[in-house]
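[1] when you get a sec, could you give me coordinates for this:
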Amino acid sequence: MKQLCLEFKNSDAKSRVLRLNNIDDNLDAETVRSAMTKIAAANMFIKKGIELYKEPVGAKYVEQIETPIFSDK
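    This next block holds a predicted model:
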């Protein structure tokens, strides 16, 4: 499964990652940067007075590969 990981700085200048599943895996940098800017500008994610996704920092695709060894299910 592939995820799109969007890295932001919060209003305390700490790193936050928003992970999205079921995404288009052919997005270009301009499209992702634009979406991240809109997320940051919306101020939708606030916890204890801290804006969680204040400033876009970077984005990447992450692919997780599972290799089962055994299962007794």
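
[2] spit out the contact partners of Gly58.
    Neighbouring residues of Gly58 by C-beta atoms under 8 Å, 6 or more residues apart in numbering: Glu7. Using the backbone N, CA and C atoms, a C-beta is placed for each residue, glycine as well.

[3] that one in helix, strand or coil?
    Classification of Gly58 using DSSP: H, G, I helix; E, B strand; the rest coil returns strand.

[4] identify the bridge partners of it.
    Going by DSSP bridges, Gly58 is paired in beta bridges with Glu7.

[5] put the alpha carbons of the host helix or strand of Val62 into PDB.
    Element membership of Val62, judged by DSSP states H and E, is strand 55-63. Taking Å, rounded to 0.1, in the frame of the first residue of the first chain, the C-alpha atoms of strand 55-63 are listed here in PDB:
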ATOM      1  CA  GLU A  55       3.600  25.500   7.100                       C
ATOM      2  CA  PRO A  56       4.200  23.000   4.300                       C
ATOM      3  CA  VAL A  57       7.800  21.500   4.500                       C
ATOM      4  CA  GLY A  58       7.800  18.500   2.100                       C
ATOM      5  CA  ALA A  59       5.900  15.600   0.700                       C
ATOM      6  CA  LYS A  60       6.800  12.000  -0.300                       C
ATOM      7  CA  TYR A  61       5.200   8.700  -1.200                       C
ATOM      8  CA  VAL A  62       5.900   5.800   1.200                       C
ATOM      9  CA  GLU A  63       5.300   2.300   0.200                       C
END
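
[6] now the end-to-end length of stretch 50-68.
    40 Å (C-alpha to C-alpha, to the nearest Å).
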